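**Student:** 3D, please:
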Amino acid sequence: MSWLLRRLLTSILLIWVVASIVFLAIRLVPGDPAELLLSQGGMAPDAAAVAELHAQLGLDRPVLTQYADSLRRLLTGDLGRSLQDDSPVAAEIALRLPRTLELIVAAALLAVLLGIPGGLLAAVGRNGWLDHAGSLAAALAMAVPVFVVGTLLVLLFAQTLHLVPAGGYVPLAQDPLRHLELLSMPALTIALGLAAAVFRMTRAAVLDEQRRDHVRTAWAKGLSPRRVLLRHVLRNALMPVVTVLALHLGSLLGGTVLVEYVFNYPGLSGMLVDAVNARDYPEVQGVVLVISVLFVALNLAVDLLYAVLDPRVRHA
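**Tutor:** Numbering: from 1, shown residues only. From the prediction side, this is the model:
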């Protein structure tokens, strides 16, 4: 219980640090939200109008006062209101977050289905043709930028073969088949690079695990190859694989910008880019805070999974 409590307190501290850094960092970015809102046709707005809008938005108050108010609202679950249209930030995040999470989860499932079996087969047939082919494909997938992969997939499957739409979004309740079609391309784009990382880690972990004494003992007992691989090798090899997968998923929470842009997918990353361009402080803080909370929660879940897979972790 003390192990879990320590990690919970550490997670809360990390979230507070991130919220504080984002609050200060976004205000150091050049550009005044009031001036951007009032600018039309490239003409500089009137100074009096800018000052009046500052007062309306509460930007004329001392920074520490704004910081204290921001933390006070966060404690009640209030992420503030957009400086652009006065809409609740939490409502817009609640609309876009499930789309990004769905995209990441779909990509993770594809990556696991491709990477773990591929890495296991490559390790079992070490230095064989399957190992070389898989390693080459993984290196290529990790080397090519994600926006290049997305563009190539659009050219091949959408423009040439006409198998799926080039991009866009349709809610699942409105048209399930169309929804899955539009989800498949961006999910595959993310999954290829993630599957390569999972493949390489699975291969390395399985090869390392095969040298362990308990595995040699299992072979000496005459256990079937399938049982040795699945029960004695793969289970222990999954721990570093889980770590790599969790770290990549955490980075994807805020790193799907290019994929969402290529496929015109209205997710959370696109909202963050628009908010930064408009210097919409509440939206930037809200999006980054939500991403941080999810990242910290994901790492906490990995720690808990480690404790299940290896009870010794709980006593570390």
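**Student:** can you give me the helices in the stretch 101-250 of the chain?
**Tutor:** Assigned by DSSP state H, counting those that start in this stretch, the stretch 101-250 of the chain shows helices spanning 129-143, 146-153, 176-210, 213-220, 225-227, 235-255.
**Student:** Tabulate the ones you listed (TSV), appending mean neighbour count, distance to Glu92 and mean pLDDT.
**Tutor:** All C-beta atoms are positioned from the backbone trio N, CA, C, and that covers glycine. Formatted as TSV, the helices of the stretch 101-250 of the chain follow (neighbours: other Cβ atoms under 10 Å; distance: least, Cβ to Cβ, whole Å; pLDDT from 0 to 100):
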stretch	mean neighbour count	distance to Glu92	mean pLDDT
helix 129-143	15	33	89
helix 146-153	17	25	87
helix 176-210	21	20	89
helix 213-220	12	52	70
helix 225-227	10	50	70
helix 235-255	18	16	77
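**Student:** Now render those helices as JSON lines, adding distance to Val276.
**Tutor:** Listed next are the helices of the stretch 101-250 of the chain as JSON lines, based on distance: least, Cβ to Cβ, whole Å:
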{"stretch": "helix 129-143", "distance to Val276": "28"}
{"stretch": "helix 146-153", "distance to Val276": "19"}
{"stretch": "helix 176-210", "distance to Val276": "21"}
{"stretch": "helix 213-220", "distance to Val276": "50"}
{"stretch": "helix 225-227", "distance to Val276": "52"}
{"stretch": "helix 235-255", "distance to Val276": "12"}
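**Student:** ok now stretch 147-167, how far from the chain's centre?
**Tutor:** Relative to the chain's own centre, stretch 147-167 is displaced by 23 Å; criterion: Cα atoms, centre = their mean, to the nearest Å.
**Student:** Oops, could you answer that again for stretch 68-85 instead?
**Tutor:** 24 Å.
**Student:** which residues touch it?
**Tutor:** Residues from elsewhere that reach stretch 68-85 (Cβ atoms under 8 Å, 6 or more residues apart in numbering): 19, 23, 33, 37, 57-58, 87-90, 92-93, 278-283, 285-286, 289-290.
**Student:** Could you report the neighbour count for Ala122?
**Tutor:** The local packing of Ala122 (other Cβ atoms under 10 Å) involves 25 other residues.
**Student:** Would you mind measuring from it to Val198?
**Tutor:** Using Cβ to Cβ, to the nearest Å, we find Ala122 at a distance of 12 Å from Val198.
**Student:** for Arg279, same thing?
**Tutor:** 38 Å.
**Student:** Surely Glu181 and Gly167 touch.
**Tutor:** No. Counting by Cβ atoms under 8 Å, Gly167 is not a contact partner of Glu181; they are 10.6 Å apart.
**Student:** ok so, going back, mind checking which of the helices of the stretch 101-250 of the chain is nearest Leu9?
**Tutor:** Set against Leu9 and scored by Cβ to Cβ, these come closest in helix 235-255, at 19.7 Å.
**Student:** CA atoms of that closest one as CSV?
**Tutor:** Taking C-alpha atoms only, helix 235-255 is exported to CSV below (Å, rounded to 0.1, in the frame of the first residue of the first chain):
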residue,chain,number,x,y,z
ARG,A,235,5.7,-13.8,-20.3
ASN,A,236,9.0,-12.5,-18.7
ALA,A,237,10.0,-10.8,-22.0
LEU,A,238,6.8,-8.7,-22.0
MET,A,239,7.9,-6.4,-19.2
PRO,A,240,10.4,-4.3,-21.3
VAL,A,241,7.9,-4.5,-24.2
VAL,A,242,5.2,-3.0,-22.0
THR,A,243,7.5,-0.2,-21.0
VAL,A,244,8.4,0.7,-24.6
LEU,A,245,4.8,0.6,-25.6
ALA,A,246,3.7,2.8,-22.7
LEU,A,247,6.4,5.4,-23.4
HIS,A,248,5.5,5.6,-27.1
LEU,A,249,1.8,5.8,-26.3
GLY,A,250,2.5,8.7,-23.9
SER,A,251,4.4,10.6,-26.6
LEU,A,252,1.6,9.9,-29.1
LEU,A,253,-0.9,11.7,-26.9
GLY,A,254,0.6,15.0,-27.9
GLY,A,255,2.4,13.8,-31.0
